[in-house]
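**Q** sharing a model prediction with you, sequence too.
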Amino acid sequence: MFKINFLKPDQSNLNTFLYLGTFLFFISILDVFFNSFFKVNITGFLPGFLSFIIPLLLGFVGLFFIRIEYSGIKKLDLINKHINTNNFNAILSLLIIFIIIKSIPPLLSWFIIDASFAGDSKDVCTGSGACWTYIKVWLRRFMYGMYPNGEQWRINLSFIALALLGSVGFFATDKFKKYLTLYYVVIYPLIAFLFIFFFISGGPVFFDLSYGIIAAILSVILGFFIPSKYKFYYFLVVPFTLYILLKYFIFFEEYIELGKLDGLNWVETGAWGGLSLTFIISFFCLIFCFPIGMAFALGRRSGFPLIRYISIGFIEFWRGVPLITVLFMSAVMFPMFLPEDFFIDKLVRAIIAISLFEAAYVAEVIRGGLQALPRGQYEAAKSLGMGYWKMHIFVILPQALKLVIPGIANTFLALVKDTPLIFVVGLLEIVGMLNLAKTNPKWLGFAMEGYVFAAIIFWIICYAMSKYSYNLEQKYKTDR
Amino acid sequence: MNFKLKDIGPQLITVIAVVLVFGFFTYNAQINMESRGIDFGYGFLSQESSFDVQFSLIEYDGSHSYFRAYLVGLLNTILVSVIGIVIATILGVIVGVARLSPNYLINKFAAFYVEFFRNIPLLLQIFFWYFAALRALPLPQDAEAIFGVFFLTIKGLYVPAFIWENFNIFLYSIIAAIISIIVIRIHAKKLQETQGKQLPVFYISLGLIFILPLLSFLIGGVRLFFEIPVLKQLATTSFIYEGGVSLPPELIALTLSLSLYTATFIAECVRAGIQGVGKGQKEAAASIGLTPNQVLKLVIMPQALRIIIPPTTNQYLNLTKNSSLAAAIAYPDLVLVFAGTALMQTGKAIEIVSITMFTYLSLSISISILMNWYNKKIAIQEK
């Protein structure tokens, strides 16, 4: 009556198998645990190879014994279902458990236990762990690059102000909700631009762009009185004409000089760097690449063959070349294409290059959304008598953009991850600063800490972005 | 045809704008080049390059031409891309399938891998492997042999070189095996369609690809020797391995980071593809009596591949383009050799950057044409 078939555990001897299996399983875990945490080898008396493989063997047999179908014990069934469905899965589960147990002590000791935090010179870093002192000493450089220490409050203030201005959307009352798009698409980027290029860079440049701004404001105001039939041509011609009129015929330099302020100390863009530069570049490229991409996506779907082919050419060109060559182009080739006395700052050049590059990807993503919309939407909008722009702004784009939120988020993530490439044009954001700090003769040999630090920062940023896009996607999901 | 201003106007304006911008650029470029005394032309390609390259697949030194240097860079780029694509595909498929595993631990482990490597910039990963992880490897004299023949040191990976005798015959045997496999596949398909019989094509192919080359060893007189790297002392503290093939640490760091990074994206493509096949398909296939293997091979995979291939193509393209990051760790790829060193020496910015961009453009386009062809082949043939 006590017939136990060890090769085929079943319900009739449930308890025997359960105790035996659990016991073996725990023995194997315990062996690995002691081995990795206390450097004690329980099975050391066995020959080398056997001692290496015995925990796996014991654990496997243990898992085999407790693999009893419909045992009636809820927890056991759950375990069997999740980690112990068959022999192959059992071995994989064991291996993963062992890897986790094995990797905890070295990681823990490197990150915390043996690491040095105190002090401000290399001498304190004698332990075998990480030298976080290095990060502590260099933190300002990693965050702000070569930006002068005394002026760094300007970066902080700008970022805090922009973050506050950016969060306006959460507090807006329903009455102002309809203006939010306008705010985020036009006003907010403009404010951000003014902040960063005039506040962070400083210098007496406050009203240099006033011709352009005045021309833009004037033409928008005048634009309200133009019949909608001619609006397209109006906006093509008038702002530029106004600008030229203002600059060369009406307002002379002297009037503009009056508006200039002495302002803050000038900090050239070459000194910008670190994580703040990563933010600045990502922010501007993000703002610029979206409308450009949208324009080319519409261009690629346009009924005019010439516009379509130009858009296809643009998109396929930028998608076919690596970003590093684009940046090379902006660094060495682009200055050749400009008039000799005309100089564009390298940060601006880099931002233009990255924006155009990412715009091509954004365009493809948005095109996917446009194509996914059923034709009925276009036809319905047209049958209501909407024109091209009205149809796209009020009917097509809101739906298409909702569809492609994940794709756009992925493109933006790629953009953030591409920013370290600006080392090509000689700008050093956080990864570039790390490489610079690594070669400092006083701080040789701490490359690992620096890269781990930057990796953690980037990981947090990117992970947060991807989670946010997921939430956005869920929020705007509409069932069809 | 009635031309309306409404149709012509926007197109005309766009074309004029594009022409103006390009004209402006060319005009400036001409003036700039004239004032700096640079002449435009591709004649420099045949001049002597007089710089050396660390790692090259073809014979190259300073006495060769710039065009040869370009080829060296291009081959190095292709080498990294091909190795990276192969590893990334294998790893990506494994992780993608693991993401769908019913096993909780495997599932979470794969998810952790994907989330971890996907969210760290590739350049940072390359730097990490090259400057931090590979620098922790032992010096040549302290290196322990892996399986007695591989040596992983701070100066790179040393692997045994293959020395062939009668290599041609071996090559022919492999070609013969491939041709016969194709013939058998066509025959098997015909048999299946006309008589409903199934041949064990997979095992026959496996057998052929092993047996024919084996025969070439036994009968054809093909010999294979291994040249195992040997430690050699140059000076008191300077050691080096001689013989065998040495893979520089730049190459290892680059392929490692490229494939680890791209594999995460491929894994997501694979997961989405397999999940995209409806559950009903699996159930329907099982209910008409197909075995689980047949369900996978005949029903799930053909449909999943259709979803998987287009995004995976994009990942291959990305990997190829990302291989240009090699310039950051001084692996002599196209960007470093040609757009870096050659540009510095000749100063021909426009020519060199345009050639480099054109090369990447044609690489991308050829990969996408290849994959489009494959995609079309497996797409649904609608009637």
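**A** That came through fine.
**Q** first to last residue in stretch A:391-399, what's the distance?
**A** End-to-end distance for stretch A:391-399, by C-alpha to C-alpha, to the nearest Å: 11 Å.
**Q** quick one: that stretch near chain B?
**A** No - if you take C-beta under 8 Å from any C-beta of the partner chain as the test, stretch A:391-399 misses chain B, and the best it gets is 14.0 Å. For the C-beta atoms, the positions are set from N, CA and C on the backbone; glycine is no exception.
**Q** centre of the chain versus that stretch, how much separation?
**A** Relative to its parent chain, stretch A:391-399 has a centroid offset of 27 Å by C-alpha atoms, centre = their mean, to the nearest Å.
**Q** ok, now stretch A:166-176?
**A** That offset, for stretch A:166-176, works out to 25 Å (C-alpha atoms, centre = their mean).
**Q** now it: mean pLDDT?
**A** What stretch A:166-176 shows for mean pLDDT is 74.
**Q** which residues sit in contact with A:Ile460?
**A** Contact analysis of A:Ile460 by C-beta atoms under 8 Å, 6 or more residues apart in numbering or on different chains lists nothing.
**Q** what about it, which helix or strand?
**A** Using DSSP states H and E, A:Ile460 sits within helix A:447-476.
**Q** return the helix or strand in chain B with minimum mean pLDDT.
**A** In chain B, the helix or strand scored least confidently by mean pLDDT, DSSP states H and E is strand B:145-146, which has a mean of 70.
**Q** could you list every helix and strand in contact with that strand?
**A** On a contact count with 3 or more C-beta pairs under 8 Å, 6 or more residues apart in numbering or on different chains; DSSP states H and E, strand B:145-146 meets no helix or strand.
**Q** describe which strands that strand pairs with in its sheet and in which direction.
**A** Taking DSSP bridges as the criterion, strand B:145-146 forms sheet pairs with strand B:150-153 (antiparallel).
**Q** ok, the closest residue to B:Ile178 other than its chain neighbours - contacts?
**A** Distances taken as C-beta to C-beta, 6 or more residues apart in numbering or on different chains put B:Ile209 closest to B:Ile178, at 7.7 Å, once the chain neighbours are dropped. Shown in contact with B:Ile209 (C-beta under 8 Å, 6+ apart): B:174, B:177-178, B:181.
**Q** buried ones among these?
**A** B:177, B:181 (16 or more other C-beta atoms under 10 Å in any protein chain shown).
**Q** make CSV out of the contacts of B:Ile209 and add pLDDT, secondary structure and distance to A:Leu338.
**A** CSV is the format used below for the contacts of B:Ile209 (pLDDT from 0 to 100; DSSP: H, G, I helix; E, B strand; the rest coil; distance: C-beta to C-beta, whole Å):
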residue, pLDDT, secondary structure, distance to A:Leu338
B:Ile174, 84, helix, 56
B:Ala177, 85, helix, 59
B:Ile178, 88, helix, 55
B:Ile181, 87, helix, 58
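**Q** now, among the contacts of B:Ile209, which is nearest to chain A?
**A** Closest approach between those and chain A, by C-beta to the nearest C-beta: B:Ile181, at 29.3 Å.
**Q** what's the neighbour count on the closest residue to the closest one other than its chain neighbours?
**A** Leaving aside its sequence neighbours, B:Ile181 sits nearest to B:Ser205 (C-beta to C-beta, 6+ apart; 4.6 Å). Other residues lying near B:Ser205 total 18 when counted by other C-beta atoms under 10 Å in any protein chain shown.
**Q** buried set for the host helix or strand of B:Tyr203?
**A** Taking DSSP H and E as the criterion, the element that holds B:Tyr203 is helix B:201-218. By neighbour count with 16+ other C-beta under 10 Å, helix B:201-218 contains the buried residues B:205, B:208-209, B:212-213, B:216.
**Q** skip ahead from it and say which helix or strand is next.
**A** The element immediately downstream of helix B:201-218 (helix or strand, assigned by DSSP H and E) is strand B:223-227.
**Q** hmm, who's touching that next one?
**A** Residues from elsewhere that reach strand B:223-227 (C-beta under 8 Å, 6+ apart): B:149, B:160-166, B:217, B:243-244.
**Q** now with 7 Å, please.
**A** Residues outside strand B:223-227 that contact it (C-beta atoms under 7 Å, 6 or more residues apart in numbering or on different chains): B:160-165, B:243-244.
**Q** closest to chain A among those?
**A** Lowest distance from chain A to the contacts of strand B:223-227 (C-beta to the nearest C-beta) belongs to B:Pro160, with 25.1 Å.
**Q** tally of neighbours for the closest one?
**A** Using other C-beta under 10 Å, B:Pro160 has 17 other residues around it.
**Q** can I get the buried residues of helix B:201-218 in a markdown table including distance to A:Tyr463 and pLDDT?
**A** Formatted as a markdown table, the buried residues of helix B:201-218 follow (distance: C-beta to C-beta, whole Å; pLDDT from 0 to 100):
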| residue | distance to A:Tyr463 | pLDDT |
| --- | --- | --- |
| B:Ser205 | 44 | 83 |
| B:Leu208 | 48 | 82 |
| B:Ile209 | 44 | 80 |
| B:Leu212 | 51 | 80 |
| B:Pro213 | 48 | 77 |
| B:Ser216 | 53 | 77 |
